[in-house]
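Novice: Here is a sequence with its predicted model. Questions after.
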Number of protein chains: 2
Amino acid sequence: MSVQGVHALVRRTHEARVLRVLREHGALSRGQIATKVGLSRTTLSEITGDLLSRGAVVVVDTDAARRLGSGRPAELLTLDPSSGQFLGVDLGHTRVRIAVADAAHDIIAAGHAAYDADTERARQLEVAFALIDRVAARTGVSFRALQGVGVGVAGPRPAPPEIAVPFGARFGAPVIVDNNTRFAGLAEAITDGPDVHDVLYVRLSDGIGGGLVVGGRLVAGADGMAGEFGHVTAQPDGDPCRCGKRGCLETVASVPAVLAGCARRGLALASIEELEAALRHHNPIAAAVLDEAAAAVGRVVGAAALVLNPAQIVIGGRLPRSAPELVRRVDEILAGELCPIGGARPAIRAARLGDDDGALGAIAALFRQTPLLDGYPEPVR
Amino acid sequence: MSVQGVHALVRRTHEARVLRVLREHGALSRGQIATKVGLSRTTLSEITGDLLSRGAVVVVDTDAARRLGSGRPAELLTLDPSSGQFLGVDLGHTRVRIAVADAAHDIIAAGHAAYDADTERARQLEVAFALIDRVAARTGVSFRALQGVGVGVAGPRPAPPEIAVPFGARFGAPVIVDNNTRFAGLAEAITDGPDVHDVLYVRLSDGIGGGLVVGGRLVAGADGMAGEFGHVTAQPDGDPCRCGKRGCLETVASVPAVLAGCARRGLALASIEELEAALRHHNPIAAAVLDEAAAAVGRVVGAAALVLNPAQIVIGGRLPRSAPELVRRVDEILAGELCPIGGARPAIRAARLGDDDGALGAIAALFRQTPLLDGYPEPVR
């Protein structure tokens, strides 16, 4: 190989590394890129100058808003956003939600559609595919350069023919499939930044599930079923649960359980919105039922926290969004449960993400830039 | 460098790799060594022939006993056992146990000494050091080539000046310190072989603790306090616990709790040996109290298993050794707690190791040949 040939090869290798970190991280400043690829600022400037002139990379913004100090704000570079799309799908019990991210990691489209609770999987997929087509038509998003599809589903990780194969056939892209609440936990854990390695996430919605990050890794469990907080016994003599047990956390602290608890005490509420209104008006029945739900969550999460010693506990889902006071009450119960480990009490917070959390986590599982996914299965084609 | 020089260097490099796998794995056949270092059988034979002739490596045994099929049994090679020692120490609440392994990973000495439950740390160390001297004198073991000291302690991982510094100063070797029950869990998990990546270990003795392997890694938790099964609430209106809570698992299923439970029902027992005898004679009070303890363990472990989805649950410690029927009863309760995850029910077994488990786990943490310790702190000098 000639000297020129070697130089061109080295240059292409550097270029490929720059493109890879931008693909994985979205938008970065030149300084951040230089650190991540291990190149000098001078070499990097040559490479980014060339990429910018070819339109492969664009300047999206300065990070002025994030810089508190003085100095000239740094330009942020990203891949041409249209050069790649990532599709996240959350197939829940009663609805599907989707989100689409571009190569800059910005969410460029999202949507949702409902189906009945007993809809079979094939029909759920039809609804999902129709939703994706509709959102694409409405937003003008094309999937010409689709990089991957992440699909979260209610329940355990399904076999490939059920989800991965039909999505792969439809989109011709790699697919990763896992529990949707685990994906939601992943998305929440990422919002805590790279220094939080032990996170316990519980989602209180129509059902109750959870996600765990232990030692800096998302946990699936031996059979892909880790995080079943919903069926931990919270009240030994409690109501029958759909799982066959009695008094599962889901029979006390899910949205339907709280509404049923209110009805049993004479407060008929048709929806979570009506619960929200009742709590806003300090209805004592609603407050008491919510308090009981929070206490059950605190006991169940407290037991898990004694076993796992997390740094962070996150309470997510529809219930705490309508009843944010629940998180404070869970924290009080936790304090009592965790007194044996005194100083090691984890921080507790409400989830930051909304109903899109599962779809966003599925996209995060495609980006794979987080070390939380070390050792986790790769998307498959 | 001359061709001879290069050959000698390559040979030394191969030799170093062979010595390293023997140091990490104890005794191995030539075939196993060849696989692990990635050398051909011919090259390896030359190297082991040379090491054997120099006495650096010795033939310890054939693996005939482990080979069920036909064929000539393979010789096992190890480092000269006297070429290195590993010291494991388990500093419990009321006693210290030690074990010493040689370079072939055989336990060549062990011993224990008691102290009062309120003995302060400095005095515990004096007792431990005196015990180590006594065992060395009795067995003729020398620590001339001590490769490291592993120390398990009751409670959370202590700061270096408390344990690591005095042991390092005394022995001039690297020291690793962690919770003794976590080390016991590590030792038990290793006995399940390399394919079991999710293990939940609970030890029922004077106190109750646990150890977790999640996704193939030993778990310490954010503050080194993971595994606190003993203080999970098992009976909300139960007895006060030394931790300040009520009805902790330790107040129901530790050895002192079971003895106290028998006494409360009119059966005075002075020791675990007397409990063992009472159970052997089918004493109904002893059986009922044990049953209650097992049910509490099943509930607490069941909740943890719903959250973690382990492949294996191990029940260890003094109580199941004296009352092995406890494990079957825990399994029955588990079946009820885990019915929501049906097919994903973990295997449950009694611990294989005895009271030396903590010291053996501390030695395993020194060997570091297990991937369970990936990402775990290294011994420090």
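Specialist: Looks like it arrived, so ask away.
Novice: For the stretch 51-200 of chain A, which segments count as strands?
Specialist: Along the stretch 51-200 of chain A, counting by DSSP state E, counting those that start in this stretch, strands occupy A:57-62, A:75-79, A:85-91, A:95-102, A:107-114, A:146-153, A:175-179, A:199-204.
Novice: Show me the contact partners of the second one.
Specialist: This points to strand A:75-79. With Cβ atoms under 8 Å, 6 or more residues apart in numbering or on different chains as the test, strand A:75-79 has contacts from A:19, A:22-23, A:26-30, A:33, A:48, A:52, A:56-63, A:103-105. No exception for glycine: its C-beta is placed from N, CA and C like everyone else's.
Novice: picking that back up, compare the mean pLDDT across the strands of the stretch 51-200 of chain A and name the weakest.
Specialist: Least confident of these, judged by mean pLDDT, is strand A:57-62 with a mean of 77.
Novice: What residue in the stretch 1-150 of chain A comes nearest to chain B?
Specialist: For the stretch 1-150 of chain A and chain B, the shortest gap (Cβ to the nearest Cβ) falls at A:His93, measuring 15.0 Å.
Novice: Dump the strands of the stretch 51-200 of chain A to JSON lines, plus mean neighbour count.
Specialist: Shown next, in JSON lines, are the strands of the stretch 51-200 of chain A (neighbours: other Cβ atoms under 10 Å in any protein chain shown):
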{"stretch": "strand A:57-62", "mean neighbour count": "16"}
{"stretch": "strand A:75-79", "mean neighbour count": "21"}
{"stretch": "strand A:85-91", "mean neighbour count": "27"}
{"stretch": "strand A:95-102", "mean neighbour count": "24"}
{"stretch": "strand A:107-114", "mean neighbour count": "16"}
{"stretch": "strand A:146-153", "mean neighbour count": "25"}
{"stretch": "strand A:175-179", "mean neighbour count": "26"}
{"stretch": "strand A:199-204", "mean neighbour count": "29"}
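Novice: What distance do you get for the residue in the stretch 251-381 of chain A positioned nearest to chain B to A:Val232?
Specialist: With Cβ to the nearest Cβ as the measure, A:Asn309 is the residue of the stretch 251-381 of chain A nearest to chain B, at 2.6 Å. A:Asn309 sits 18 Å away from A:Val232, going by Cβ to Cβ, to the nearest Å.
Novice: Enumerate every residue touching A:Ala34.
Specialist: Counted by Cβ under 8 Å, 6+ apart, A:Ala34 has contacts A:40-41, A:44.
Novice: Surely it forms part of a helix?
Specialist: Yes - counting by DSSP: H, G, I helix; E, B strand; the rest coil, A:Ala34 is part of a helix.
Novice: Give the burial count for whichever residue of the stretch 101-250 of chain A sits closest to chain B, as a bare number.
Specialist: Per Cβ to the nearest Cβ, A:Gly221 is where the stretch 101-250 of chain A lies closest to chain B, at 2.6 Å. Look at A:Gly221: counted by other Cβ atoms under 10 Å in any protein chain shown, it has 28 neighbours.
Novice: by how many degrees do the helix or strand that contains A:Ala305 and helix B:284-308 diverge?
Specialist: A:Ala305 belongs to helix A:284-308 when assigned by DSSP states H and E. With axes from the mean of the first three to the mean of the last three Cα atoms, to 10 degrees defining the directions, helix A:284-308 sits at 100 degrees from helix B:284-308.
Novice: And helix A:284-308, what's buried?
Specialist: Under the neighbour-count criterion of 16 or more other Cβ atoms under 10 Å in any protein chain shown, helix A:284-308 has A:285-286, A:289-290, A:292-308 buried.
Novice: Can you tell me what sits against whichever helix or strand comes after it?
Specialist: The helix or strand immediately downstream of helix A:284-308 is strand A:312-316, counting by DSSP H and E. Outside strand A:312-316, the residues that touch it by Cβ under 8 Å, 6+ apart are A:184-185, A:188-189, A:192, A:196, A:198-204, A:297, A:301, A:305, A:326-327, A:330, A:334, A:346-351, A:353, A:357.
Novice: when you check chain B, which of those residues turn up near it?
Specialist: With Cβ under 8 Å from any Cβ of the partner chain as the criterion, the contacts of strand A:312-316 include A:198, A:346 near chain B.
Novice: Can you name every helix or strand that the helix holding A:Ala305 contacts?
Specialist: strand A:199-204, helix A:250-253, helix A:255-264, helix A:272-280, strand A:312-316, helix A:325-337, strand B:208-214, helix B:284-308 (3 or more Cβ pairs under 8 Å, 6 or more residues apart in numbering or on different chains; DSSP states H and E).
Novice: Now do it and strand A:208-214, the angle between them.
Specialist: Using the same axes, to 10 degrees, helix A:284-308 lies at 30 degrees relative to strand A:208-214.
Novice: Check the gap between the closest residue in space to A:Pro160 that isn't next to it in sequence and A:Ala154 for me.
Specialist: In this structure, A:Pro160 finds its nearest non-sequential neighbour in A:Val380, 7.3 Å apart by Cβ to Cβ, 6 or more residues apart in numbering or on different chains. From A:Val380 over to A:Ala154 the distance is 21 Å, taken as Cβ to Cβ.
Novice: Give the residue from those two that has the larger number of neighbours.
Specialist: Taking neighbours as other Cβ under 10 Å, A:Val380 and A:Ala154 compare with A:Ala154 leading, 17 against 13.
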